[in-house]
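**Q** here is a sequence together with a model predicted from it:
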Amino acid sequence: MSKTTGPTTRVLVLPGRDGTRVIVCEGEFDMDSQAVLRQALETAHSDGVTRTVVDLAGVSFADSSMLNTLIQAHHRQHLVLAGPLAPQVTRLLEVSGTYALFTVAADTTSATEPVAQLS
């Protein structure tokens, strides 16, 4: 499933494998465009997947509304953020004091590895 919410925002949900769902995000995420991500995260949770990987490598901008969506998902499901993260996204996580809240993997490949191998 792929949904485009605006000219520069896209969310692609990859088929689940081994209890892991990967959600690929691209573009700019703000209050007007993050609803599709929220829906994809809620669907992963209701589908009962054991781990949800959010690939943020293609995200060039994220604001507090996207951060709020990720925090809410973190509280209800096992969430892994996959990079490499854009400097703006890293800064958002660091300035908000939430970087340590999330499991952050270098890339999607390492994010889908067994949990013990993630940092």
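**A** Arrived safely, thanks for sending.
**Q** tell me where this protein has strands.
**A** Along the chain, the stretches classed as strands by DSSP state E are 2-6, 9-17, 20-29, 51-62, 79-82, 103-105.
**Q** with mean pLDDT added, can I get these in CSV?
**A** CSV is the format used below for these (pLDDT from 0 to 100):
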stretch, mean pLDDT
strand 2-6, 52
strand 9-17, 92
strand 20-29, 96
strand 51-62, 97
strand 79-82, 98
strand 103-105, 97
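**Q** just the ones you listed: most buried one?
**A** Most buried of the strands of the chain, by mean neighbour count (mean count of other CB atoms under 10 Å): strand 79-82, with a mean of 24. No exception for glycine: its C-beta is placed from N, CA and C like everyone else's.
**Q** adjacent strands (with direction) for that one?
**A** The strands beside strand 79-82 in its sheet (DSSP bridges) come out as strand 51-62 (parallel), strand 103-105 (parallel).
**Q** wait, which of these is closest to Thr112?
**A** Set against Thr112 and scored by CB to CB, the strands paired with strand 79-82 come closest in strand 51-62, at 6.0 Å.
**Q** dump the strands paired with strand 79-82 to a markdown table, plus distance to Val95.
**A** Formatted as a markdown table, these follow (distance: least, CB to CB, whole Å):
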| stretch | distance to Val95 |
| --- | --- |
| strand 51-62 | 12 |
| strand 103-105 | 15 |
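**Q** one step back: take the strands of the chain and lay them out in a markdown table including distance to Glu94.
**A** As requested, the strands of the chain are exported to a markdown table (distance: least, CB to CB, whole Å):
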| stretch | distance to Glu94 |
| --- | --- |
| strand 2-6 | 26 |
| strand 9-17 | 23 |
| strand 20-29 | 17 |
| strand 51-62 | 13 |
| strand 79-82 | 13 |
| strand 103-105 | 11 |
